[in-house]
Every structure is written in structure tokens, then in C-alpha cells.
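# give me a 3D structure for the following:
(chains A and B)
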Amino acid sequence: MNAVAEPRKNVMAAEAGGKMRVIADYKGGRSSSSSSKRSCESRAAQGDLPSGIWDKIKNHPCYSEEAHHHYARMHVAVAPACNIQCNYCNRKYDCANESRPGVVSEKLTPEQAARKVAAVATSIPRLSVLGIAGPGDSMANPKKTFKTFELVATVAPDIKLCLSTNGLDLPDHVDTISRCKIDHVTITINMIDPEIGARIYPWIFFNHRRYTGIEAARILTNRQLQGLEMLTNRGILCKINSVMIPGINDQHLVEVNRAVKSRGAFLHNIMPLISAPEHGTAFGLNGQRGPTAQELKALQDACEGQINMMRHCRQCRADAIGLLGDDRRAEFTTEKIMAMDVEYDLKARRAYHAKVEDEREAQIAARQEELAKIAGEMDEIRLLAAVATKGSGLINEHFGHAKEFQIYELSTLGVKFVGHRRVDLYCQGGYAENDRLASIIRAINDCHAVFVAKIGSCPKLNLTNAGIEPVEKHAHEFIEKAAIAWFRSYLDRVKSGEIQHVQRGDAAIRQGPLISAA
Amino acid sequence: MPFKIISAQCTSCSACESLCPNVAISEKAGSFIIEAKRCTECIGYFDEPQCAAVCPVEGTCVIDTSLPRYQGPI
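Presented below is the predicted three-dimensional model:
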């Protein structure tokens, strides 16, 4: 049992110090507002995390919210087979503009995958992580999955390896995962109650036969929890993905959260169900809706406390490449990578990463400085702001070019990343379309402000009329520093009576594919 | 009767391929096919035909009624 307790203890120790800015920014801020704690929290990102864990996550864009501004990941689609059927998945689907799990344009052999990793790591030095996430289940394709990891470890030894799985076959492969030095495993766990599971999974394929209903869900949940415990026993960091399905498992996910936490999970990612009818999934076809932005945030907030909640997940394709939210996979088709001249330069990559770390340090210092100015202020006002960014933690995207907005919660306690909203480009071929503007406003309708590098006069007026303040003043500044500075001026304006603080409404989470290719 | 795969519906996920005890399944032109002569409907190996049990698209991996039943050893 000692081995079980070890990784969990580490997480707890980190939480006790309230230094989990790395993943869930400003964790614990609600329970304490003393300035000494605040200055502690805003210190360099490691906080109280044990060095072993910090080394594993510091440049992992999926395991660290802060790292996701700076480092890129890629998935290779070597694992097309699956062993369970989910009502939110449709295996026939492949849309170029869609960003969700299970969708890919081409399958790769392990050899092609290794070449692709080397090519991408050379072209995008920010790349730090390779994941295998399907399009089926990585553990239902163990030969292809592990062969790929083996080859990648040889050609690109500095790339971190991770995998995603539904967990059904996981217990059979834990030893191999450990041997392949895979430090990060994501398990999708949507329920621990088989009655609820039966509404999510029509069937599973296990021990050479198909199981359905409650029996299937019972086997699945037992195997998932067993696999999770086996991994955390070995010190492997585990992230749990849960799909929030209103009316089916939304309330239940609080219990799932407790169950995975008690088995040593490091991070919990509650994602909204994607169920547009045109995706052809069982849920999409029977009208099962996804959650609203407010419902999702309320559940994430309810689960936050003793485990880190992931808020920056983009529910990306099984062949995504690049920074989260900026997919560059079109540059790396099999045809293109076969024609590329790839020379893996480990030294150059290390030098680049050192530069990225300098960038991060500067950002942390800027945030600290701005936070100090708000220290001691107490105000009940808590609001959301949207940010147009293309990475590096800067406000560096034009409103019309933004494919998503990152959402931050601002209060006198500081600034906390709470999610992102995908949108269709407002500006397409030089023309802006008004119905797209309306859909962008719906996507950030719960925000009081939107920070941009630049914005045209027409969308500016429309946003203002909708009650969202467009802010250009902080173009190309660090997001958090700028957000705190703007929030201070907002509070001043409220105090002076210049403006009145009002609550905003809910926002819509986008369901359909993107209308425009970037 | 052997199993067959309706190629228009096959997603080419490969789940069936490695499960076939007769090595009767292979990929051809973007779809998987079952070599009828080798298919034993998994009789003698498993309680259920593996390809049909794991196939994610209903009605895609089905009995080929135009061919006779498996006559080999059980």
C-alpha cells in the first residue's frame, strides 16, 4: 500500500501549499486572500511540487496550463482499432475542420509515425510531447502503439511520451507502459456507476466476446479503476478525462472525481459533450445536448479542491499537431514528411527550450509585479475576460483572426485561466460577416471584456453594444499582467461611478465543425 | 456460412484483423476483406465470431448467406 500512497501524498503536499498555479491557476485563492499567500502563489511555477513531478509536467502542454502557452504536442494516428462503443463517438467521421477525438485524416504505420515525429520536432522546436490517442483506443492496438513509442524514443529521445486510453485493456499493459518510460497516461472515465455507464456505452468487447448493458459497464469501470491504481502505484502521472453529458452523468461526475482522486489521479479534465447532429453520433442523433459554458464551469468548480482541474483542453483530433488551439497538421501530411530532409538536432532543440523558459520567467515576473499593485484590495467583483492569443502567453492575435478565445476569471485574488471558446474566424478573405460576429458574441457572452492585439471599428461597436468591452490598449503584453491592470482600472471606474458593474449571461459552447479553414 | 465485410461501410479500423483466429482478414484497397475459404465463423475457437463482435459499424461484418455453412471440424 505504501507504493499506492506515494504519488498521492506528493499531490496532496503540493496542494497543501496551495502552489498549483502550474495547472489550475490560482488554486485555493478562494479560501484565502492574505497577501503573503498570494505572493507565494505567484512565485515561479514549480511551487511546492516535488522536483520529480515538476520535471514531468513543466513542459507538458496538456498536464500544465502554464506550459500550454509555450509548448506544443502532437498525436500520431497509429491506433485505429477500438474495443468499446461510446454513444458520443462515430467511427465513420473525418472532417478536416473538426477538432475532436477520434477524427483523423490518415492512419500511419509506426515507422511513418516516428519519421513524422522527427520532422515535426525539427520544424516546431516547441514540440515537447508525443501522444497516442487513437483514433480508436491505443491499448486496443498494443503492438502498433508500443512499436511507435520504441521507435520515437530512438529518433527523438527528448520527446515525452504519453497515451490516452478508455482503460478496458489497460491493466494488461501497465508493465509495458512503465518499461517504455511513458510518464503520462490519460484514462477516459465517465462513470463509476454501471447503471449510468449503460446509458453511455452500448457495448464493450472483452475476453473475446461482446458484453452489453450494465454488465459491460461494470467490467469497464472495474478495469479502468484497476488500471488507474496500477499506474499510480508505479508513479506514472494519470489524467482522467470525463465527458460531461447533461442529464446522464453531470451530477455523477462529482463522485467520479472523488473515486479517481482517491486512487491517485493527478489531474481531472471534465470536457463538454460534443453532439452536433451532423457528427452522426448516437447522442447527436437522439438530441442529447451538451452543457452550456456556465454548467461546465460550475461542475469544474465543484470538483476543484483537492485535485487539479484541467481547463485548457481543446478536445483535439487524434492527429493534431502544434500548440493547443493552433493546429498545424496540414503542414505534415505523410507525403510532405516523406519529402522532408530531417536532421534531428537535439542541441538546437535544447537551446530553444532554454529560450522558452526565459520567456516564461519574464511572464511570471510581470504577473507578480502587477499582482502586487492589487494586493490588499478586497472587492466582491469577479468577472470573466476573453483573450485573443496565438501563444507565448501574449495578447498577440487580431480579433478577426482568432480561432478561439482564452477565458480568464479576474478578481482581487488575481487572474485564473478557466477555459477557452472556439469560434469561426470573423475575418475571412478580407470580409467580415455579421452572423459570425453574432456567433462569436454568443461564445464569449459571459465575458465583460475581450483583449485583442487589434480590432476593427465595426466589431468594436457591436461588442460594446453587447456589453463586452474590447480592449486594444494592452496589445502584445503578457496576458495576466494586462488582465490585472485592466481589472484594476475597471474597479476604479466602478468606484468612481463612471460605470456600473452588472452580471453577464451564459455563453454557448460551439458544437459544429468550423465553417472556415484557417 | 463465412462472414463478409460490406466494404462501403468499413471504416478500415483494423479491429477485426488481429482477432481472427484463422488469419482470414486482410486490408485491400482501403477496406478489410474476409477470405471466405479460411473463415470458420470462429467455430471451435470462440463463442462468438470475433470480427462481427468487435466491428464498430452495425451491419458491416455479416454472414454471407450466398455461401454454404462451414463444414470443417468443430
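# what's around A:R289, how many residues?
14 (other C-beta atoms under 10 Å in any protein chain shown). The C-beta positions use only the backbone N, C-alpha and C, and glycine is treated the same way.
# looks to me like it is in a strand.
No - applying DSSP: H, G, I helix; E, B strand; the rest coil, one finds A:R289 to be coil, outside a strand.
# got the contact list for it?
Neighbouring residues of A:R289 by C-beta atoms under 8 Å, 6 or more residues apart in numbering or on different chains: A:P246, A:L273, A:S275.
# report pLDDT for the residue in chain B positioned nearest to chain A.
Per C-beta to the nearest C-beta, B:A15 is where chain B lies closest to chain A, at 3.6 Å. On the pLDDT scale, B:A15 is placed at 95.
# and if you look at A:R210?
With respect to pLDDT, A:R210 has a value of 97.
# surely it forms part of a strand?
Yes - judged by three-state DSSP, A:R210 forms part of a strand.
# ok, how many other residues are close to it?
Neighbour tally, A:R210, other C-beta under 10 Å: 19.
# thinking it is in contact with B:D47, fair?
No - using C-beta atoms under 8 Å, A:R210 is not in contact with B:D47, being 10.0 Å away.
# sort out for me which of the contacts of A:R289 are in strands.
In strands, defined here by DSSP state E, there are no members of those.
# and the residues you listed, which is closest to A:R382?
Using C-beta to C-beta, A:P246 comes nearest to A:R382 of these, at 24.5 Å.
# so who does the closest one touch?
Applying C-beta under 8 Å, 6+ apart, we find A:P246 in contact with A:L273, A:Q288, A:R289, A:G290, A:P291, A:E295.
# can we see that at 6 Å?
Applying C-beta atoms under 6 Å, 6 or more residues apart in numbering or on different chains to A:P246 gives the contacts A:R289, A:P291.
# how close does it get to A:A67?
Distance, A:P246 to A:A67, by C-beta to C-beta, to the nearest Å: 31 Å.
# and A:W54, how many residues sit next to it?
By other C-beta under 10 Å, 16 other residues sit near A:W54.
# what strand or helix carries it?
Taking DSSP states H and E as the definition, A:W54 sits inside helix A:51-57.
# for the following helix or strand past that helix, what is the average pLDDT?
Next in sequence after helix A:51-57, counting helices and strands by DSSP H and E, comes strand A:72-75. Regarding strand A:72-75, the rounded mean pLDDT is 92.
# show me which residues of chain B are close to chain A?
Those residues of chain B that sit near chain A, judged by C-beta under 6 Å from any C-beta of the partner chain, are B:T11, B:C13, B:S14, B:A15, B:F46, B:D47, B:E48, B:A53, B:V54, B:P56.
# for these, work out which two are farthest apart.
Checked with C-beta to C-beta, the residues of chain B next to chain A reach their widest spread between B:T11 and B:D47, with 25.1 Å between them.
# can you confirm A:V129 is in a strand?
Yes - assessed with three-state DSSP, A:V129 lies in a strand.
# ok, now how distant is it from chain B?
25 Å (C-beta to the nearest C-beta, to the nearest Å).
# what's opposite the closest residue to that residue other than its chain neighbours in the beta bridge?
Setting aside the residues directly before and after it, A:V129 is nearest to A:R73 in space (C-beta to C-beta, 6 or more residues apart in numbering or on different chains), at 4.1 Å. With DSSP bridges as the criterion, A:R73 is bridged to A:V129, A:G322.
# neighbours of residue 56, how many?
Using chain A. When neighbours are counted by other C-beta under 10 Å, A:K56 comes out with 21.
# other chain: chain B
Count around B:P56 with other C-beta under 10 Å applied: 23.
# just to check, it is in contact with A:C89?
No - the pair B:P56 / A:C89 is not scored as a contact, 8.4 Å apart, by C-beta atoms under 6 Å.
# is the residue lying closest to B:D64 once chain neighbours are set aside in a helix, a strand, or coil?
Spatially, and ignoring its direct neighbours in sequence, B:D64 is nearest to B:K4 (4.1 Å; C-beta to C-beta, 6+ apart). Per three-state DSSP, the secondary structure class of B:K4 is strand.
# B:K4 against B:S66, yeah?
No - assessed by C-beta under 6 Å, B:K4 is found out of contact with B:S66, at 8.9 Å.
# higher neighbour count, these two?
B:K4 (19 against 9).
# the residue of chain B closest to chain A: neighbour count?
B:A15: 27 neighbours (other C-beta under 10 Å).
# which residues touch it?
With contacts defined as C-beta under 6 Å, 6+ apart, B:A15 is in contact with A:A81, B:V54.
# and it, that one's in a helix?
No - assessed with three-state DSSP, B:A15 is coil; it does not lie in a helix.
# how close does it get to A:T334?
22 Å.
# sorry, back to before: so for the helix holding A:W54, what's the average pLDDT?
Averaging pLDDT along helix A:51-57 gives 85.
# same check, this time on stretch B:43-61
In this model, stretch B:43-61 has a mean pLDDT of 93.
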